[in-house]
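Visitor: sharing a model prediction with you, sequence too.
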Amino acid sequence: MRLNRVVLVAAIGLALLGFRCADGFREDEMECENAMSYLAKCCPGFQSDQASCDYSDNSSACGTGVVVLPVLSVSESHCIEGESCDQLRSSEVCAHAQQLPYVPPSASAPQPVCP
């Protein structure tokens, strides 16, 4: 009986650690994905999978101590989605978006693309 409790407590602990380390969906990921889809629609040759919209927090018990943010911030994503396709092309947002790295160089500042 005591062994069953120990196994149960260990299983619950592992499950909670798994939930803590799971990233889930965040607003910045969703907005980035929407903006990337819009750029793919508006910008000739742009592929929405050329840059990452994934958030990953591998700090503390979950991994390497590295936080990776989506390549576009929420405000950048909103800016992109607020422009017409013609505006994105004429203001060179499409050209800037083509130059996005797959992941931002640092967790603190995704590269600006929108004027």
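Guide: Nice, I can see it. These figures come from a predicted structure and were not determined experimentally. Residues are numbered from 1 along each chain as shown.

Visitor: number of residues surrounding Gln50?
Guide: Residues within reach of Gln50, counting by other Cβ atoms under 10 Å, total 17. To be clear about C-beta, it is placed using only N, CA and C from the backbone, and glycine gets the same treatment.

Visitor: let me know whether it touches Pro101 as I believe.
Guide: No. With contacts counted by Cβ atoms under 8 Å, Gln50 stays clear of Pro101, the gap being 9.5 Å.

Visitor: can you show me the helices along the protein?
Guide: Assigned helices in the chain, in chain order: 2-21, 27-42, 74-81, 85-90, 93-98 (criterion: DSSP state H).

Visitor: could I get the average pLDDT for the longest one?
Guide: Mean per-residue pLDDT for helix 2-21: 41.

Visitor: what does the last one give?
Guide: Helix 93-98 comes out with an average pLDDT of 91.

Visitor: and Ser52, what does it touch?
Guide: Contacts for Ser52 (Cβ atoms under 8 Å, 6 or more residues apart in numbering) come out as 68, 70-71, 102-103.

Visitor: quick one: low-confidence ranges for this protein?
Guide: 1-24, 58-65, 103-111 (pLDDT under 70).

Visitor: please repeat the previous calculation with a cut-off of 50.
Guide: Along the chain, the parts satisfying pLDDT under 50 run over 2-20, 23.

Visitor: related to what we said a few turns ago, which of the contacts of Ser52 ranks first by neighbour count?
Guide: Busiest of these [other Cβ under 10 Å] is Pro70, holding 27 neighbours.

Visitor: distance check, Glu92 against Leu69.
Guide: Relative to Leu69, Glu92 is positioned 23 Å away (Cβ to Cβ, to the nearest Å).

Visitor: ok, Asp54 next?
Guide: Per Cβ to Cβ, Asp54 is found 9 Å from Leu69.

Visitor: those two: which has the busier surroundings?
Guide: More crowded of Asp54 and Leu69, by other Cβ under 10 Å: Leu69, with 23 against 15.

Visitor: correct me, but that one touches Cys53?
Guide: No. Counting by Cβ under 8 Å, Leu69 does not reach Cys53; the two are 9.5 Å apart.
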